[in-house]
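J.: predicted structure and sequence below. I'll ask about it afterward.
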Amino acid sequence: MKEKKLGSTVVRLLQGDITTCDVDAIVSPVLFAEGEDANVTQMPEPGDHDVTLIETPYLKARFVLHTGAVETTTTAGAGKIRRLIKSVLAEAQQQELETLAIPPLGTGLGRFPIEKCAEILLSELQRSVQMENNHLRKVIFVFDNQKSYKTFEQVLAHF
């Protein structure tokens, strides 16, 4: 696991399942349901960048910061991802969350390039944790494959 500090915040990279992270909140476009509703997922309309905080008694994380799906193109994706991560980080700071797990937004079905995604996520995280009232102490970026992990790791090393 790669690790680097941005101000007082530790940034970690992890290849694995975001739902197993022991953090205050995970970021996800999927609503996780329990019991009979376990197969139910709900996605807000594309382009909807509102973030909803949902309690999760059945995950290691206390909350899910539920986001809309990020449908991207190479030209329009950067702005969408930037707006979304700003909303996520603002909500995390407002809720005084100390630990957060974030996937590479827009790089799955949205097919946004991982290297550009890394640059956006890290620059917005750095901006957020430099604020006077920063509460974030640890942010884990979680990847489902080695290629994405390695690319993000290279961007973090030069950041």
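T.: Perfect, I can see it now. Quantities reported herein were computed from a predicted structural model and do not represent experimental measurements. Numbers count the residues shown, from 1 in each chain.
J.: report the contact partners of the residue most central in space within the chain.
T.: Centroid-nearest residue in the chain, with C-alpha atoms, centre = their mean: Ile102, separated by 2.3 Å. Neighbouring residues of Ile102 by C-beta atoms under 8 Å, 6 or more residues apart in numbering: 26-27, 85, 88, 121, 139-142. Where you see a C-beta, it was placed from the backbone N, CA and C, and this is true even at glycine.
J.: ok, Asp24 next?
T.: Applying C-beta under 8 Å, 6+ apart, the residues contacting Asp24 are 61-63, 92, 97-100.
J.: which of those residues fall within strands?
T.: Using DSSP state E, the subset of those located in strands is 63, 99-100.
J.: dump these into JSON lines; add pLDDT, distance to Phe159 and neighbour count as well.
T.: Supplementary listing: the ones in strands among the contacts of Asp24 in JSON lines, determined by pLDDT from 0 to 100; distance: C-beta to C-beta, whole Å; neighbours: other C-beta atoms under 10 Å:
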{"residue": "Phe63", "pLDDT": "94", "distance to Phe159": "27", "neighbour count": "21"}
{"residue": "Thr99", "pLDDT": "98", "distance to Phe159": "20", "neighbour count": "22"}
{"residue": "Leu100", "pLDDT": "98", "distance to Phe159": "17", "neighbour count": "27"}
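J.: hang on, Ala69 in a helix?
T.: No: looking at Ala69 with DSSP: H, G, I helix; E, B strand; the rest coil, it is coil, so not inside a helix.
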